[in-house]
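Colleague: this one's structure only:
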């Protein structure tokens, strides 16, 4: 293929794109740097030495509220939301491949779930539990409130997957005598597995970072974003940045792990084909 | 028999989603509507049918100003996100030549979306603060004598942080629609003698409208419902509808919060409805 020369527009836009990436990543990298601030250092530059002081402070219980507890709650909640999002969106995605009564209504309901501002869902779920006399808890009301945010994303990804799905694979399996379950298990599932990992990644990270929907629905124990937001008002040392660094690195590891799994699966299926 | 079974299985497969959305979306929104007519005191709320909670919103100059302020944020953030989002997506879709490179750059744009919003917000403090990096640099260069105060804890900071947090919601749908534009249409326009600008204006922008609409819906709902960014980045000096609701939640004035929530929801739905008049998003999936 002959390459045409790059136009001037390309260079302008390339610069614009680079600035955008700097805009996205610049602020967060200052936090990463400042979290290694020396023991005497403050919330802003200059760096007064380089140390792990604020990271060790982070793991001392009294320094910053309940970091361990809120982290493990966020982790478990994220995993619960992830598994539920994958299973429920997959099932719904399969359902939408056929016509069924109320499918349009369910579709609009899922879109509405995306459109209704998070704070209203949080408030609504909180009030509902209060009126019904059920004590809100992170694994009941909090779990449900998070699902209203992750499920529409999961469903939209499943739509994108099944709209591009080649039905002749299934027909071939059926012609060879596979039962519907065998067709699903041995043909459909391996083909859509990378996308399911994507759905899981969305489910986990969106829940792990969610704040607005958590505000009134977590009951007496905080999840990590609630804990961090509380800290912004009363913690005035770089320990806040250390916490930011730790959770961001954790998120990046999760994202990296999911992407590696997707690439691995793609490569393996490409080799088989 | 298998026909009936397969028909029934669609319902069974759709059931979990339906149940979750009914219980955690429809019921709570219905409950907001109901409770917005309830009475309350310091301790609890009482079932009732009063318009007082709505009267308080409608007859208060403060709330009108806050609603206006929220709409102002929404409009400015939307315009900025649209501008940035469009050109970023355009660059990715039409200037980056290999699919691998496109996906790699797209991923670079997407990763921050999957990390914590609160942390991304806090990260502006060491940059914009009174003794922040920007003020220090400008002072060292001798461009300013006093630190610039408007950088942090101001409307400027709120809008900057919102654009920072939300632009991605514009980039992704626009990129998605642009990638589906049939490249031969652009070839045809070029063969017909259209220049770059004409192609952009008469071919690409009209075909990108659905993506722009979806992105706009995201921005509208995110900004209209925001309360964390406004409170934190304005240092508590500015208010949004979300932060009023959040304050009322803190004071346990749930019926008042619910009334504001219902009004906010109506405003958001009207805005979304207006956007949807331009496109049919179901075609986009």
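Modeller: It's in. Computed from a prediction, not measured in an experiment: that's the story for all the values here.
Colleague: just give me the longest helix of chain A.
Modeller: Secondary structure of chain A per DSSP state H: the longest helix is helix A:239-272.
Colleague: show me what it is packed up against.
Modeller: Secondary-structure packing of helix A:239-272 (3 or more C-beta pairs under 8 Å, 6 or more residues apart in numbering or on different chains; DSSP states H and E): helix A:8-34, helix A:53-58, helix A:189-209, helix A:224-234, helix B:117-122. Every residue, glycine included, has its C-beta placed from N, CA and C.
Colleague: just want the angle from it to helix A:8-34.
Modeller: 130 degrees (axes from the mean of the first three to the mean of the last three C-alpha atoms, to 10 degrees).
Colleague: burial measure for the nearest residue to residue A:243 once chain neighbours are set aside, as a count.
Modeller: Computed as C-beta to C-beta, 6 or more residues apart in numbering or on different chains, the closest residue to residue A:243 that is not its neighbour in sequence is residue A:58, at 5.8 Å. Residues lying near residue A:58 (other C-beta atoms under 10 Å in any protein chain shown) number 21.
Colleague: the stretch 51-200 of chain B against chain A: which residues are in contact?
Modeller: By C-beta under 8 Å from any C-beta of the partner chain, the residues of the stretch 51-200 of chain B that approach chain A are B:84, B:87-88, B:90-92, B:95, B:97, B:105, B:107-109, B:111-112, B:114-120, B:122-127, B:129, B:131-133, B:136, B:164, B:167, B:196.
Colleague: from those residues, which land in helices?
Modeller: B:84, B:87-88, B:90, B:105, B:107-109, B:117-120, B:122, B:125-127, B:133, B:136, B:164, B:167, B:196.
Colleague: so residue B:170 belongs to a strand, correct?
Modeller: No - assignment of residue B:170 by DSSP: H, G, I helix; E, B strand; the rest coil gives helix, placing it outside any strand.
Colleague: what's the burial count for residue 215?
Modeller: By default, I'm working from chain A. Residues lying near residue A:215 (other C-beta under 10 Å) number 24.
Colleague: switch to chain B, please.
Modeller: 30.
Colleague: returning to what we had before: any of the residues of the stretch 51-200 of chain B next to chain A buried? List them.
Modeller: Among these, those buried by neighbour count (16 or more other C-beta atoms under 10 Å in any protein chain shown) are B:84, B:87-88, B:90-92, B:95, B:105, B:109, B:111-112, B:114-120, B:122-127, B:129, B:132-133, B:136, B:164, B:167.
Colleague: and the helix or strand harbouring residue B:29, what's buried?
Modeller: For residue B:29, the host element (DSSP states H and E) is helix B:27-35. By neighbour count with 16+ other C-beta under 10 Å, helix B:27-35 contains the buried residues B:28-29, B:31-32, B:34-35.
Colleague: okay if I get those as a markdown table plus pLDDT and distance to residue B:51?
Modeller: Below are these laid out as a markdown table (pLDDT from 0 to 100; distance: C-beta to C-beta, whole Å):
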| residue | pLDDT | distance to residue B:51 |
| --- | --- | --- |
| B:28 | 95 | 22 |
| B:29 | 95 | 19 |
| B:31 | 94 | 18 |
| B:32 | 93 | 16 |
| B:34 | 94 | 14 |
| B:35 | 92 | 14 |
